[in-house]
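Trainee: could you work out the structure for the sequence below:
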Amino acid sequence: MRMFQMMGLTSETEKYIDENCMKVGCNPCPHCGQHTSERLLILDVEYIDSFYGDGPNLHTYRLKQGGLVKEIIQAEIWSSGPVCFLCLELTDGTRIGEWSKEEIGRA
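Mentor: This next block holds a predicted model:
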């Protein structure tokens, strides 16, 4: 069966997002009003149709130190359908968390 396959971001890149991107409080306590958890502040979501109505949602985040970082498609190879590898890109074009050629080749 042919289908879209999402590899997504590397675990190191997900850790980078968790540590460096802004978060907002959510789930306020009904008694004191303090937020009991946080979630990432997502500024924009762009849907990419890669394969017959299926594809990734690419998120844009605000960095704690200022500026933006966006998920981009690093590579999309074919293996019974597109296999999508994501990385991050800063506004100056610098990429963060790229998959290695070996990792992409094993898909």
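Trainee: next, the buried residues of the longest helix anywhere in the chain.
Mentor: Ranked by number of residues, the top helix in the chain under DSSP state H is helix 11-20. For helix 11-20, a neighbour-count test (16 or more other CB atoms under 10 Å) marks Thr13, Tyr16, Ile17 as buried. (Glycine included, C-beta is placed from N, CA and C.)
Trainee: gap between the closest residue to Cys26 other than its chain neighbours and Leu86?
Mentor: Nearest residue to Cys26 in three dimensions, chain neighbours excluded: Arg39, at 5.3 Å (CB to CB, 6 or more residues apart in numbering). The spacing between Arg39 and Leu86, counted by CB to CB, to the nearest Å, is 19 Å.
Trainee: looking at those two, which one has more neighbours?
Mentor: Leu86 (23 against 11; other CB atoms under 10 Å).
Trainee: quick one, phi/psi of the residue with the largest distance to the centre of the chain?
Mentor: What lies farthest from the middle of the chain is His31; by CA atoms, centre = their mean that is 34.4 Å. Main-chain dihedrals, His31, degrees, to the nearest 10: phi -100, psi -50.
Trainee: now do the contacts for Glu19.
Mentor: Contact analysis of Glu19 by CB atoms under 8 Å, 6 or more residues apart in numbering lists nothing.
Trainee: mind running it again at 10 Å?
Mentor: Lys64 (CB atoms under 10 Å, 6 or more residues apart in numbering).
Trainee: okay, it: pLDDT?
Mentor: Per-residue confidence for Glu19 comes out at a pLDDT of 97.
Trainee: if I look at it, how far off is Ala75?
Mentor: 25 Å.
Trainee: just the element for the residue most central in space within the chain, please.
Mentor: Centrality entry for the chain: nearest residue to the mean C-alpha point is Glu71, 4.7 Å, by CA atoms, centre = their mean. Take DSSP states H and E as the rule and Glu71 turns out to sit in strand 68-78.
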